[in-house]
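Enquirer: sharing a model prediction with you, sequence too.
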Amino acid sequence: MKELEHIAIILDGNGRWAKKRGLPRKAGHIEGAKTLEKICRAAYKRGIKYLTVYAFSTENWNRPEDEVSAIMKLFGTYLDKCIKDSKKDNMVVRMIGDRERLSDTLKDKVKELEDVSKDNTGLNLTIAINYGGRAEILNSFKEIYKKISDGALAVDEITEDVISENLYTKDIPDPDLILRTSGEMRLSNFLLWQAAYSEFLFVDCAWPDFDENELDKAIEEYNKRDRRFGAIKEDK
Ligand code: FPP
């Protein structure tokens, strides 16, 4: 069994969590941000080295404007906290996705957090914001094309590794486990290239309710899986 070093999570169910309690959707996102902080600590304690979370997709811009601005405000608050606590948290934080559509303030905060946290030695947290898997692959092709045009690469030298090295995730390994909360069984354009050999797990729990116990259950489930990467098991 390959060691579980990278969990990628599709954070889902904040809205439904809030609705069930008669609260505005925003309240679900605020609770979801608290859950993220707890799960980062809990995952690292359990030996997980990489945690990647899908916080905002390219399609999420289609939500009502007040919800989008509440989420962006929350990202800002979260980034400020991460910058302030960077030494204590010891996390290396990266953002993946297209930054162009983010406000200048958010772009600056992301850059500052990436800079202050890059030499930390704890959990590698990657936050996908304005992220789409197809857009990421398309972007990789454009980067490769530029290298070919510049004469830095030949067509025959394009390999799977070259494509991986031109993705937003070039510095992190592919996820061992992709988990989605709140019952939906879709990938929703998340880490399409990187998911080739990932294990998938869909849990009913809404993201704000996801806790250490749910994390332990996910790890236990992963450990029961038999990852063969297309090969035949030796004892068969
Ligand atoms: C998913 O629930 C949540 C989002 C798309 C919003 C963004 C996530 C957070 C605020 C969590 C914390 C992340 C950071 C980086 C601070 P949903 O709204 O799709 O839920 P629903 O499917 O029940 O409507």
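Expert: Looks like it arrived, so ask away.
Enquirer: residue contacts, the spatially closest residue to Tyr50 that is not a sequence neighbour?
Expert: Spatial nearest neighbour of Tyr50, excluding adjacent residues (Cβ to Cβ, 6 or more residues apart in numbering): His6 at 3.8 Å. Every C-beta, even on glycine, is put in place using the N, C-alpha and C of the backbone. Shown in contact with His6 (Cβ atoms under 8 Å, 6 or more residues apart in numbering): Ile48, Lys49, Tyr50, Leu51, Thr52, Ile172, Pro173, Asp174, Pro175, Asp176, Leu177.
Enquirer: most neighbours out of the residues you listed, which is it?
Expert: Within these, Pro175 tops the neighbour count with 26 neighbours, counted by other Cβ atoms under 10 Å.
Enquirer: just how off-centre is whatever helix or strand Ile178 lives in within its chain?
Expert: Following DSSP states H and E, the helix or strand that holds Ile178 is strand 177-180. The chain centroid and the centroid of strand 177-180 are separated by 10 Å, computed with Cα atoms, centre = their mean, to the nearest Å.
Enquirer: is any residue of that strand near the ligand?
Expert: No: with Cβ under 6 Å from any ligand atom as the measure, strand 177-180 is seen stopping short of the ligand, the closest distance being 10.2 Å.
Enquirer: what lines up beside that strand in the sheet?
Expert: Strand 177-180 has these partner strands in its sheet, going by DSSP bridges: strand 6-10 (parallel), strand 199-202 (parallel).
Enquirer: now the longest one: average pLDDT?
Expert: Here strand 6-10 scores 98 as its mean pLDDT.
Enquirer: grab the CA positions of the strand holding Ile178 and hand them over as CSV.
Expert: C-alpha atoms of strand 177-180 as CSV (Å, rounded to 0.1, in the frame of the first residue of the first chain):
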residue,chain,number,x,y,z
LEU,A,177,-6.8,10.2,-2.1
ILE,A,178,-9.5,12.6,-3.5
LEU,A,179,-12.3,13.1,-1.0
ARG,A,180,-15.6,14.9,-1.6
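Enquirer: flag every residue of the protein that's near the ligand.
Expert: For the chain, the contact set with the ligand under Cβ under 6 Å from any ligand atom comprises 11-16, 29, 32-33, 36, 55-56, 60, 71, 74-75, 78, 127, 182.
Enquirer: list the contacts for the one residue in the chain that gets nearest to the ligand?
Expert: With Cβ to the nearest ligand atom, the shortest gap between the chain and the ligand falls at Gly15, namely 2.5 Å. For Gly15, the contact set (Cβ under 8 Å, 6+ apart) comprises Arg25, Gly28.
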